[in-house]
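Visitor: what would the 3D arrangement of this be:
(2 chains)
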Amino acid sequence: MTEPNPTLDRALEQTPGHPTAPVVGGEEVIGGGDRMILADTADSLVYEHGLEIKARSQWAYARRRFIRHRLAMVSLVIVTFIFLVGAFAPHIAPYRYDQIDLNNILHPPTTQGHHYFGTDSIGRDYFSRVIYGIRTSETVGLFVAFLSTAIGLVVGAIAGYYGGWIDNLLMRITDLVLTLPALAILLTASALLGGGDKWRISLILVFFFWTTVARIARGQFLSLREKEYVEAAKAAGSGDTRIMFRHIIPNMMGPIVVTGTLAVASAILVEAALAFLGLGIKPPTPALGALVVEGQTNPQAWWLTVFPGLTLLIIVLCVNFVGDGLRDALDPQQRVRA
Amino acid sequence: MVQFTTDDGVVKAVDGLTYDLHPGEVLGIVGESGSGKSVSTMSILGLIPQPPGKIVSGTALFKGQDLLKMKDKDLRRVRGNEMAMIFQDPMTSLNPVLKVGDQIGEAIEIHHPDEKHKVVREKVLRLMRLVGIPNPETRIDQYPHEFSGGMRQRAMIAMAMANEPAVLIADEPTTALDVTIQAQVLEVLKKAKEETNAATILITHDLGLVAEMADRVIVMYAGKIVEMGDVFTIFSAPRHPYTVGLMNSLPRLTVDEDWLRPIPGQPPSLITPPPGCAFHPRCFLSQGRAACREQVPELRPVEGANHVSACHFADELVGEASKLVGSGAGDR
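Guide: Residues are numbered from 1 along each chain as shown, chains lettered A, B, ... in the order given. So this is what the prediction gives:
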């Protein structure tokens, strides 16, 4: 087809894999898994070790970006610490949360008897109460975030993937739930179902939280189902469920993870708000919001409101910062700041 | 017949396409963008979304079964297993968040769900070696963005070959690649065909590719076949003015030319195609003759075995064609 091209032939002979290709300086030079060695003339180009490009997965890129977001990292450490304290409450709290000591009521914070946060109106150690309060709040937060994300994902997936009347039906249901006045319903539900158990409260919260996730998930599915790799997967014989869970969902984890994280903070806050209205988790089980409310009855005992309130503030703030950091890290539009 | 219902009207994407495919042969389907070549094969595999698309009529017999009438559940067993498709753009045909090895192995996992993971991995490694991906043991766990374009297309070919399909459909496999890589990928395709003795349908608008790889050629225009025959005849003695126009429009390496010779005009609207022969507004042979304007030409045999053309005046092209194509055909 073409005349013999001596330059081309020589170049071909030099490419790796060709039997006569030289190895420059005896070193194996690596660049992204391929060897990039050109002709070994004096002014040749050789990729030095310094240019070694280590390939990374998308998660690794995101991780790197997250770590650079210092506020998020600090917040993550704080939140993890607090949640661990809550998780290991029975081992850390010096007292049981319902241990009454009528000799020691309303004692300000002191190192005596490990009452670091003082005692409340019936002598219960407040440090322990707050720690167990953290535990309750984090359980509610994580449970609500997890379950509402799971439900929202499924609903959004089905609606977004199949479209048509299924989409319409599911979205109208979602809209319906969204228009319900949350507070009124919560009031009624708490009154009727006898709110008090943390699981009951959590379920009620899930009922309201899943809709946000569903909306986001549906939007993602609507766009991602048109992607060519979905078509390629179909051509390979993949069924719908497989495509939804193996191909599409991993590609939309960014917004979902962020929403889920922020939902944890939201759920904790809403639960605290409910406690404020007297509809939260019933005593003696401590929850941070309920503790703040209790504390209001004794305004001089500042420790009764300050400690749980501060803890609540720190948890919610830090979780939000972590969520922000995640959003920045997982947003593919963002360039890594050098 | 495949049509799409749009707001502007009904688009008849494919109307009257009939061909046979034999094991081991390469059938090239050539045509402009919008000629219906991709749509026809995608509808065979049931990949056209049925609203807004619709397969109005036709049959596609594969091993005695009509694919167009099969339920999706059964079609899924054929897809990726006995019939496999290689898509045009390897950049977007691979899922960016999944490892390449997992994606190549997916076809195996779908159709042989009981295979142990280790066995699947071995198969994937073997496939990767077959298509010439270097360092398969490392590459198998890498992600698509770590692959170059040519390697990605090889991975796609590996995916298609995974279950040794009887039919391989390659939809513009080299269009998104640069020329040197194109040559490599073609070699891989040839190898794939030889390994599996699959019948290959090669869809392309690149005549050079067809000349290189195809045994038989179908030329499509506006959703219909306009000419069909074996590759040598089509290239040396085309018998349809559209095919002649295509050959003429190729730039020639050996002759110094000032102007290229495109086919004048635009492809017709598929919502309101021109009456009679769809090509007649652009046809140099037609010269406004009534037959072209009024009657849709049937595919009729012209000289030679298995050579058909849909032109009222195909006979007028004898000798004429070789004059026009002339030295061009010899360049390949």
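Visitor: show me which residues of the stretch 151-300 of chain B sit near chain A.
Guide: Proximity of the stretch 151-300 of chain B to chain A is confined to B:M156, B:M159 under the rule Cβ under 8 Å from any Cβ of the partner chain. All C-beta atoms are positioned from the backbone trio N, CA, C, and that covers glycine.
Visitor: neighbours of whichever residue of the stretch 151-300 of chain B sits closest to chain A, just the number please.
Guide: In the stretch 151-300 of chain B, the residue that lies nearest chain A is B:M159 (6.5 Å; Cβ to the nearest Cβ). Number of residues near B:M159 (other Cβ atoms under 10 Å in any protein chain shown) recorded here: 30.
Visitor: which helix or which strand is home to it?
Guide: Taking DSSP states H and E as the criterion, B:M159 maps to helix B:149-161.
Visitor: would you mark the buried spots in that helix?
Guide: Of all the residues in helix B:149-161, those buried under the rule 16 or more other Cβ atoms under 10 Å in any protein chain shown are B:G150, B:M151, B:R152, B:Q153, B:R154, B:A155, B:M156, B:I157, B:A158, B:M159, B:A160, B:M161.
Visitor: now do the contacts for the third one.
Guide: Applying Cβ atoms under 8 Å, 6 or more residues apart in numbering or on different chains to B:R152 gives the contacts B:P90, B:M91, B:S93, B:L94, B:P144.
Visitor: hey, where'd the helices end up in the stretch 51-200 of chain A?
Guide: Using DSSP state H, counting those that start in this stretch, the helices of the stretch 51-200 of chain A run over residues A:58-68, A:70-87, A:89-92, A:126-162, A:164-179, A:182-193, A:198-224.
Visitor: want to throw those helices into JSON lines with distance to B:T254, mean neighbour count and mean pLDDT?
Guide: Putting these into JSON lines (distance: least, Cβ to Cβ, whole Å; neighbours: other Cβ atoms under 10 Å in any protein chain shown; pLDDT from 0 to 100) gives the following:
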{"stretch": "helix A:58-68", "distance to B:T254": "49", "mean neighbour count": "15", "mean pLDDT": "74"}
{"stretch": "helix A:70-87", "distance to B:T254": "65", "mean neighbour count": "16", "mean pLDDT": "89"}
{"stretch": "helix A:89-92", "distance to B:T254": "86", "mean neighbour count": "14", "mean pLDDT": "80"}
{"stretch": "helix A:126-162", "distance to B:T254": "54", "mean neighbour count": "23", "mean pLDDT": "90"}
{"stretch": "helix A:164-179", "distance to B:T254": "57", "mean neighbour count": "13", "mean pLDDT": "91"}
{"stretch": "helix A:182-193", "distance to B:T254": "78", "mean neighbour count": "14", "mean pLDDT": "76"}
{"stretch": "helix A:198-224", "distance to B:T254": "49", "mean neighbour count": "21", "mean pLDDT": "88"}
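Visitor: among those, which is nearest chain B?
Guide: That would be helix A:58-68 among the helices of the stretch 51-200 of chain A, by Cβ to the nearest Cβ, at 5.7 Å.
Visitor: tell me what that closest one is packed against?
Guide: Packing partners of helix A:58-68 (3 or more Cβ pairs under 8 Å, 6 or more residues apart in numbering or on different chains; DSSP states H and E): helix A:70-87, helix A:303-330.
Visitor: could I get those helices as a markdown table with distance to B:G34?
Guide: What follows is the helices and strands packed on helix A:58-68, written out as a markdown table (distance: least, Cβ to Cβ, whole Å):
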| stretch | distance to B:G34 |
| --- | --- |
| helix A:70-87 | 50 |
| helix A:303-330 | 39 |
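Visitor: tell me the confidence at the closest residue to chain A within the stretch 51-200 of chain B?
Guide: Proximity of the stretch 51-200 of chain B to chain A (Cβ to the nearest Cβ) peaks at B:G80, 3.4 Å away. Looking at B:G80, its pLDDT reads 83.
Visitor: which residues touch it?
Guide: By Cβ under 8 Å, 6+ apart, the contact set of B:G80 is A:A235, A:A236, A:G237, A:S238, B:A107, B:I110, B:H111, B:A160, B:A162, B:N163, B:P165.
Visitor: quickly list what B:V219 is bridged to.
Guide: On the basis of DSSP bridges, B:V219 takes part in beta bridges with B:V30, B:E227.
Visitor: I figured it was touching B:T233, is that so?
Guide: No. Judged on Cβ atoms under 8 Å, B:V219 makes no contact with B:T233 at a distance of 11.9 Å.
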